[in-house]
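# Here is a sequence together with a model predicted from it:
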Amino acid sequence: MTTEDFTTEFSAKAADSGANATAAFASRVAASTGAAADTARVNLLATRAIKALNDLIIEERVTYDEYNALKAWLIRVGQDGEWPLFLDVFVEHSVEQVASDHREGSKGTIEGPYYVEGSPELPWDGTLPMRADEPGTPLLFQGTVKSTDGTALSNAKIELWHADDLGFYSQFAPGIPEWNLRGSFTTNEDGQFQITAIKPAPYMIPTDGACGQLIDAAGWHAWRPAHMHLKVSQPGYELLTTQLYFPGDPHNDDDIAGAVKPELMLDPQPRADGEGLEVTYDFLLDPAA
Ligand code: DHB
Ligand code: FE
């Protein structure tokens with residue numbers, strides 16, 4: 001493949017990922033009953049958000065050129081379908097912090113724009129769905145799901161999803177099998193799981209749309225460190241939405257999404273009984289209030 005072919009293909013996929021993330025989010029919102037808006041709360045939050053922006057304009061003496069550039073950019077974010085990308089990269093980490101700072105169990109982090117409910121159900125020792133020639137280092141990912149009091153939780157659900165070696169998520173970039181690198185595993189009677197997966201690659205958020213335009217204009221970079229996304233759940237416990245990371249990734253310390261926490265760093269080792277890597281990570285779930 002020539003560089004030009006690769007660039008063309010990459011661009012097509014990147015543009016699709018934003019629009020598909022918007023469509024996926026919109027259909028989830030349409031399916032939810034949605035709490036009625038509390039007028040007092042909307043008043044408070046909208047007033048403060050608008051005031052924060054106005055204060056910034058006055059303090060930084062924002063010009064008409066800058067104001068119009070902002071308007072044009074906001075319009076483009078919508079046209080490119082990149083609101084889920086923008087918000088999940090730059091804002092979700094604070095919402096997650098507020099939502100989970102009472103927890104004693106495992107650390108959570110952002111969900112990001114690419115979760116899909118209903119991935120194939122697999123046993124405690126299953127293999128993540130992948131193509132026969134799926135690129136990447138094999139990874140045996142194992143551990144136990146427990147309550148914060150130490151009790152092992154059998155039949156807990158572990159949903160795992162991650163990008164392929166080129167940084168594309170199935171169902172958001174075209175040309176990838178529907179459930180590629182997405183699966184729902186169930187812990188055994190001792191709360192254990194042993195999942196055959198692959199080590200994900202570092203991930204670059206799409207750069208050909210409005211988010212990329214901002215990143216370029218501000219001189220930032222578009223990288224997230226390699227990560228596995230997980231949702232761990234069991235009735236009677238708080239849902240844990242998290243990500244796990246790999247030591248040595250150049251972007252562990254400057255994740256554009258601000259979603260890395262020291263507790264989420266894995267320690268993979270060469271596999272004793274085969275090819276690739278193995279790693280153990282236990283999840284502690286907080287009993288629901
Ligand atoms: C984005 C992508 C991710 O894979 C992720 O985990 C968080 C954010 C994004 O493109 O916005
Ligand atoms: Fe991700």
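Now that the structure is in, tell me what you want to look at. Residues are numbered from 1 along each chain as shown. Ligands and ions are numbered 1, 2, ... in the order given.
# what about Leu44, which SS state?
helix (DSSP: H, G, I helix; E, B strand; the rest coil).
# Distance check, it against Asp38.
9 Å (Cβ to Cβ, to the nearest Å). Every C-beta, even on glycine, is put in place using the N, C-alpha and C of the backbone.
# next one: Phe25
In terms of Cβ to Cβ, Phe25 sits 22 Å off from Asp38.
# Which single residue of the stretch 101-250 of the chain ends up nearest ligand 1?
Gly112 (3.0 Å; Cβ to the nearest ligand atom).
# my hunch is that that residue is in a helix, does that hold up?
No. Judged by three-state DSSP, Gly112 forms no part of a helix; its state is coil.
# How many residues are close by it?
Residues lying near Gly112 (other Cβ atoms under 10 Å) number 24.
# Spatially nearest residue to it (excluding sequence neighbours)?
Distances taken as Cβ to Cβ, 6 or more residues apart in numbering put Asp88 closest to Gly112, at 5.0 Å, once the chain neighbours are dropped.
# Outside of whichever helix or strand that neighbour is part of itself, list whatever touches it.
In the assignment (DSSP states H and E), Asp88 maps to helix 83-90. Contacts to helix 83-90, defined as Cβ atoms under 8 Å, 6 or more residues apart in numbering, come from residues 17-18, 21-22, 24-25, 77, 110-113, 205-206, 209-211, 256-258.
# Mind checking what helix or strand follows it in sequence?
Per DSSP H and E, the first helix or strand lying C-terminal to helix 83-90 is helix 92-100.
# Could you check how far stretch 250-257 is from the centre of its chain?
Stretch 250-257 sits 13 Å away from the centroid of its parent chain (Cα atoms, centre = their mean, to the nearest Å).
# what residues does that stretch touch?
For stretch 250-257, the surrounding residues in contact (Cβ under 8 Å, 6+ apart) are 88-90, 92-93, 110, 112, 202, 205, 215, 220-225, 245-246, 260, 265.
# Buried ones in it, by neighbour count?
251-252, 255-257 (16 or more other Cβ atoms under 10 Å).
# And stretch 206-223, by the same measure?
206, 208-215, 222-223.
# and those residues, which of them are in helices?
210-215 (DSSP state H).
# residues contacting the residue positioned nearest the centre of the chain?
Nearest residue to the geometric centre of the chain (Cα atoms, centre = their mean): Gly112, 3.3 Å. Contact analysis of Gly112 by Cβ under 8 Å, 6+ apart lists 88, 92, 229, 243, 257, 259.
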